[in-house]
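Colleague: Predicted model and sequence below, questions to follow.
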Amino acid sequence: MTKTLLSQQIDALLFNESNIIANLSNASALLNDTMEDLNWVGFYLYDDKLDELVLGPFQGKVACMHIKNGEGVCGTALKQGSSLLVPNVHEFAGHIACDSASNSELVVPIFKDGKPFGVLDIDSPSLNRFTKEDQANMEEFVSVLVNHL
């Protein structure tokens, strides 16, 4: 299967770089620069001692710093181990409103060596912003990214 251009770009951008913070920072910048109609894109990293997600590199407005595993869209995606595409976050039970301008969200959990690493979180001010194709593309993006973490 041929990788999407975005997945090829992240693979090339992170070639021979092993610093996790640098790689996640450039990954969020790449997504922010190439995807339209976003107001936040970035990563929450899993802290196994606290069983929560902690804010990592991102592009956007200030954000929630701690999200309990299983709470909100991010914590639910991590706990379920599967992506969540939410057309209207206001209809998601337990949604955590870090930015009141966000109306739709796509979250892809990240696992490394079978263990939770964190999530890719993408928010939009528009309702129904994300498609199943976006979800598949971001899942592929994460599968390439995890090789650089």
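Modeller: Good, I have the coordinates.
Colleague: going forward, measure contacts and count neighbours with C-alpha atoms only.
Modeller: Noted.
Colleague: All the strands of this protein, in order from the start?
Modeller: All strands of the chain, identified by DSSP state E, fall at 40-47, 52-60, 66-68, 84-86, 104-112, 115-124.
Colleague: Report the contact partners of the spatially most central residue of the chain.
Modeller: Closest residue to the average C-alpha location of the chain: Leu120 at 1.3 Å, with C-alpha atoms, centre = their mean. By C-alpha atoms under 8 Å, 6 or more residues apart in numbering, the contact list for Leu120 reads Val41, Gly42, Phe43, Tyr44, Val107, Val108, Pro109, Ile110, Val142.
Colleague: okay, among those, which ones form the most distant pair?
Modeller: Using C-alpha to C-alpha, the two most remote members of the contacts of Leu120 are Val41 and Ile110, lying 14.6 Å apart.
Colleague: Tell me which residues are up against stretch 36-55.
Modeller: Residues contacting stretch 36-55 (C-alpha under 8 Å, 6+ apart): 24-25, 28, 31-32, 56-61, 63-69, 75, 101-102, 116-126, 129.
Colleague: Check the separation of the first and last residues in it.
Modeller: The straight-line separation of the ends of stretch 36-55 (C-alpha to C-alpha, to the nearest Å) is 23 Å.
Colleague: Serialize the contacts of Leu120 to a markdown table and add fields for neighbour count.
Modeller: What follows is the contacts of Leu120, written out as a markdown table (neighbours: other C-alpha atoms under 10 Å):
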| residue | neighbour count |
| --- | --- |
| Val41 | 25 |
| Gly42 | 25 |
| Phe43 | 28 |
| Tyr44 | 25 |
| Val107 | 27 |
| Val108 | 27 |
| Pro109 | 26 |
| Ile110 | 26 |
| Val142 | 21 |
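Colleague: List just the nearest of those residues to Lys79.
Modeller: Nearest to Lys79 among the contacts of Leu120, with distances taken as C-alpha to C-alpha, is Pro109, at 8.7 Å.
Colleague: and the closest one, what pLDDT?
Modeller: Predicted confidence (pLDDT) for Pro109: 98.
Colleague: ok, now which ones touch it?
Modeller: Neighbours of Pro109 in contact, by C-alpha under 8 Å, 6+ apart: Cys74, Ala77, Leu78, Gly81, Ser82, Ser83, Pro116, Phe117, Gly118, Val119, Leu120.
Colleague: tell me which of those residues is nearest to Leu149?
Modeller: Within these, distances to Leu149 taken as C-alpha to C-alpha reach their minimum at Phe117, with 9.4 Å.
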